[in-house]
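Engineer: okay, sequence plus prediction incoming.
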Protein chains: 2
Amino acid sequence: MLERDIMGGLAKGLAVIETFTAARPRQSIAEVAGLSGLDRATARRCLLTLAHLGYADYDGKYFTLTPRVLRLGTACLATMPLPQLVQPVLDRLSETLGESSSVSILDGAEIVYVARAAQRKVMSIALMPGSRLPAYCTSMGRVLLAALPEEEMRERLGPGPLPARTRFTLTDPEAIAGEIAATRRAGHALIDQEVEIGLRSIAVPLHDAHGRTVGAINVGVAASQESVLALKDLYLAPLLAVQADLRRVLR
Amino acid sequence: MLERDIMGGLAKGLAVIETFTAARPRQSIAEVAGLSGLDRATARRCLLTLAHLGYADYDGKYFTLTPRVLRLGTACLATMPLPQLVQPVLDRLSETLGESSSVSILDGAEIVYVARAAQRKVMSIALMPGSRLPAYCTSMGRVLLAALPEEEMRERLGPGPLPARTRFTLTDPEAIAGEIAATRRAGHALIDQEVEIGLRSIAVPLHDAHGRTVGAINVGVAASQESVLALKDLYLAPLLAVQADLRRVLR
DNA sequence: GGCCTTTCGTGCGATATCTCAACAAATAAG
DNA sequence: CTTATTTGTTGAGATATCGCACGAAAGGCC
């Protein structure tokens, strides 16, 4: 850390928080040090500080994060106008269609769910605000990537090949870029079991009053329920109606 | 910050993140400095660091948080075994009863939703994992407070009077403490429109194998649907069955 | 138990950061 | 337009933190 105006301690502490995952909910000092690349002494100070502030618990051997950390994420969600504005519309849409619907935004190469109205369980994992999925194989991800300049879009896709989550997943960045170009022209994206077997999904972008893409909205359906073509016939019009409604609401 | 092993920079940075709320999504350096009690120069360094790390955006005048901050909260939720363990049970319970059911834990004087299975919309606000409600006027809050030592419970309630969210809300800490004592004896809590008009709810604690309370589970019903007494007759037994099931699963 | 390996806690010098104050730029007030 | 007031930025000395190295303590293994 040589730059002025950059606080190393803060960067290190945040990195420490991010070392905690579902696979490693309880970690010792040495584990955290190894994962974060920090010296053990430094990792220890970070962890003790987090514990002191109530963001972590310490039993003398292992550290765990406390619900207090959730406040940080909540603070962030709360600052977003999008979730609050879309939630009522999302609820209505989801109820009318009888299917699950979500709104997400782009963060790097991932989409982040910011609002969701679930009707029945179609995905194996529980999606919730803050949940992340890769952009390249999701309908909302395609729509959000399509809103970027070509060059930046390709940069975020990376060199590939991307992981095949199912046997239907497109993994070649070139092929995906092609689909994204088609998405841009069509104004919507259709995904057929690329993220999970048995799940189809259709998404459109959400624009603000200035025409900027500020998010994406989708409807997800069990593959057994509708064909891909039916998906478009049944759900594209309602999604576009919501898109038009929200355009005036979003600043 | 005089103590060894406490990193002031990290504490300050986290405090800076928490100054962002729905009411203040965009803040200048001076605003953040005022709210966090930091020197303007220090607040500036924190904010620039957050921006440098991608946790904040800076337009030269105002700072906003980015979705990246959500990763911190997600990291935390992901480390909790509770949500993943209860979600399937919750889904089944909710479907069987035809009503919404949730699991929450206590953080300070607030309950934090960690899992939820929604059937139909009964509450005006969308509840989701990470959402918070005050403990004193919710069924799960009463149950969780009842698990604390008397003294700590009263400390968390504070001196009062607490905000009356509806005309039914108990606001006197003494009265609430009485209800909590009753909750402790009964092993469940019933709430009748104290958090929102038209919403009734019943909750029981979740215990781990050692008998420690690790969370609470509830069922929420529109007031128009069932009387308070019917709530107990209809839903207490299924909740207790789930409680017994989970007792073995939770470590 | 004895030995080995790993982890933990702690000084210390080098370095980075904090606080304070001053200054410049922008904004508000008169 | 001029004068206050607030805000953003910079510098310097005083402090705090970092990373390293070392000794202590806790398993693991035979």
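Structural biologist: Here it is on my side, so go on.
Engineer: CA atoms of stretch A:140-155 as CSV?
Structural biologist: What follows is stretch A:140-155, C-alpha atoms only, in CSV (Å, rounded to 0.1, in the frame of the first residue of the first chain):
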residue,chain,number,x,y,z
MET,A,140,-31.1,-11.6,-17.1
GLY,A,141,-27.3,-11.8,-17.5
ARG,A,142,-27.6,-11.9,-21.3
VAL,A,143,-29.9,-8.9,-21.2
LEU,A,144,-27.6,-6.9,-18.9
LEU,A,145,-24.4,-7.8,-20.9
ALA,A,146,-26.2,-6.7,-24.0
ALA,A,147,-26.5,-3.2,-22.6
LEU,A,148,-22.8,-2.8,-22.3
PRO,A,149,-20.4,-1.6,-25.1
GLU,A,150,-19.3,-4.6,-27.1
GLU,A,151,-15.7,-4.3,-25.9
GLU,A,152,-16.6,-4.2,-22.2
MET,A,153,-19.1,-7.1,-22.7
ARG,A,154,-16.3,-9.3,-24.1
GLU,A,155,-14.0,-8.3,-21.3
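Engineer: element containing the nearest residue to residue A:197 once chain neighbours are set aside, please.
Structural biologist: Nearest residue to residue A:197, sequence neighbours excluded (CB to CB, 6 or more residues apart in numbering or on different chains): residue A:166, at 5.1 Å. Using the backbone N, CA and C atoms, a C-beta is placed for each residue, glycine as well. According to DSSP states H and E, residue A:166 maps onto no helix or strand at all.
Engineer: so what pLDDT did residue A:166 get?
Structural biologist: Per-residue confidence at residue A:166 stands at 95 (pLDDT).
Engineer: pretty sure it contacts residue A:192?
Structural biologist: No - taking contacts as CB atoms under 8 Å, residue A:166 lies outside contact range of residue A:192: 9.7 Å.
Engineer: pLDDT below threshold where in the stretch 51-200 of chain A?
Structural biologist: Low-confidence segments of the stretch 51-200 of chain A, defined by pLDDT under 70, span residues A:120-125.
Engineer: residue of it nearest chain B, please.
Structural biologist: Residue of the stretch 51-200 of chain A nearest chain B, by CB to the nearest CB: residue A:73 (2.0 Å).
Engineer: how many neighbours does that residue have?
Structural biologist: 24 (other CB atoms under 10 Å in any protein chain shown).
Engineer: tell me the contacts of it?
Structural biologist: Counting by CB atoms under 8 Å, 6 or more residues apart in numbering or on different chains, residue A:73 touches A:130, B:69, B:70, B:71, B:72, B:73, B:74, B:76, B:130.
Engineer: and residue A:224, by the same measure?
Structural biologist: Contacts for residue A:224 (CB under 8 Å, 6+ apart) come out as residue A:198.
Engineer: helix/strand/coil for it?
Structural biologist: Three-state call for residue A:224 (DSSP: H, G, I helix; E, B strand; the rest coil): coil.
Engineer: spatially central residue for chain A, please.
Structural biologist: Centroid-nearest residue in chain A: residue A:112, 1.8 Å away (criterion: CA atoms, centre = their mean).
Engineer: go ahead and confirm that one touches residue A:102.
Structural biologist: No - with contacts defined as CB under 8 Å, residue A:112 does not count as touching residue A:102, sitting 10.5 Å away.
Engineer: residues from the stretch 151-251 of chain A in reach of DNA strand D?
Structural biologist: Within the stretch 151-251 of chain A, not a single residue sits near DNA strand D (CB under 7 Å from any atom of the strand).
Engineer: number of residues surrounding the residue in the stretch 151-251 of chain A that DNA strand C sits nearest to?
Structural biologist: For the stretch 151-251 of chain A and DNA strand C, the shortest gap (CB to the nearest atom of the strand) falls at residue A:251, measuring 20.3 Å. Residue A:251: 9 surrounding residues under other CB under 10 Å.
Engineer: kindly provide the distance from it to residue A:217.
Structural biologist: 17 Å (CB to CB, to the nearest Å).
Engineer: same deal with residue A:65?
Structural biologist: Per CB to CB, residue A:65 is found 31 Å from residue A:217.
Engineer: residue A:181 now?
Structural biologist: 21 Å.
Engineer: what's the answer for residue A:190, then?
Structural biologist: Per CB to CB, residue A:190 is found 14 Å from residue A:217.
Engineer: mind checking which of these two has more residues around it?
Structural biologist: residue A:217 (25 against 20).
Engineer: could you export the helix or strand hosting the more buried one as CSV, CA atoms only?
Structural biologist: Element membership of residue A:217, judged by DSSP H and E, is strand A:213-222. The C-alpha coordinates for strand A:213-222 follow below in CSV (Å, rounded to 0.1, in the frame of the first residue of the first chain):
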residue,chain,number,x,y,z
THR,A,213,-30.5,0.0,-18.6
VAL,A,214,-30.7,-0.1,-14.8
GLY,A,215,-31.6,-3.8,-14.4
ALA,A,216,-33.4,-6.8,-15.8
ILE,A,217,-36.6,-8.6,-15.1
ASN,A,218,-37.3,-12.2,-15.8
VAL,A,219,-39.9,-15.0,-15.5
GLY,A,220,-38.6,-18.5,-14.7
VAL,A,221,-40.6,-21.6,-15.6
ALA,A,222,-40.2,-25.4,-15.1
